[in-house]
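Participant: How does the following fold in three dimensions:
(one chain, ligands or ions: 1)
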Amino acid sequence: MKQEHIGFVALALLVVAGLLIAKFVGVPSAPAPQVANGAVTVGEIALTDAWIAAPVGDQPRTAGYITIRNDGGTDERLVGVSTPAAAMSHLHRTVVEDNVSRMESVNAVIIPARGEVTFAPGGLHLMLMGLTEPLTEGQTVSLTLQFLDAGDVTVEAPVRSREDMLDMH
Ligand SMILES: [Cu+2]
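Facilitator: Sure thing, here's the model as predicted:
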């Protein structure tokens, strides 16, 4: 009777050990990027606080904003942006000269090694032109940022009202 009991315990331990080994050895799952609303991390590039300003009235263009962090040891270059929500998307910068605000195209934005760059109203922004649909608050838009070394990184950006930023003008 006692030997049977020991045998049972040994068997149970073997089963538990087997399950643990299966759990830790198991089939390695592909390194899926962590996707959240307005944020994504792929390799050394972390995108956060992505959002699209709801277009004013029926204007066919609007702007997107984002923070890009480079956790790598070498500078990265953002060279483009695209989205199915717009026919054309460009990297833009708002500059003020003689109290006149205007926008200019930017070919590339350097994201310094272990540094970050913020695209925000009044400065760098993602210009979306030829909107393919009316964007309304609460919608989500896929933004694909094109990096020279890291390649394409896509983030889901919520559409937000511009009302929050009216006082910034
Ligand atoms: Cu612009």
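
Participant: Do a quick rundown of the strands in the chain.
Facilitator: In the chain, the segments counted as strands under DSSP state E are 34-36, 39-42, 45-53, 61-70, 76-82, 86-97, 100-105, 109-111, 115-119, 124-131, 140-147, 151-160.

Participant: What are the buried residues along the last one?
Facilitator: Neighbour-count burial for strand 151-160, with 16 or more other C-beta atoms under 10 Å as criterion, is recorded at 153-155, 157, 159-160. Glycine gets a C-beta too; all of them are placed from N, C-alpha and C.

Participant: tell me which of the residues you listed is nearest to residue 55?
Facilitator: Nearest to residue 55, judged by C-beta to C-beta, of the buried residues of strand 151-160 is residue 159 at 8.9 Å.

Participant: need the contact list for that closest one.
Facilitator: Residue 159 sits next to 51-54, 135-141 when contact means C-beta atoms under 8 Å, 6 or more residues apart in numbering.

Participant: Next: residue 116.
Facilitator: Residues near residue 116 by C-beta under 8 Å, 6+ apart: 67-70.

Participant: Kindly recompute the last result at 10 Å.
Facilitator: Counting by C-beta atoms under 10 Å, 6 or more residues apart in numbering, residue 116 touches 46, 48, 67-71.
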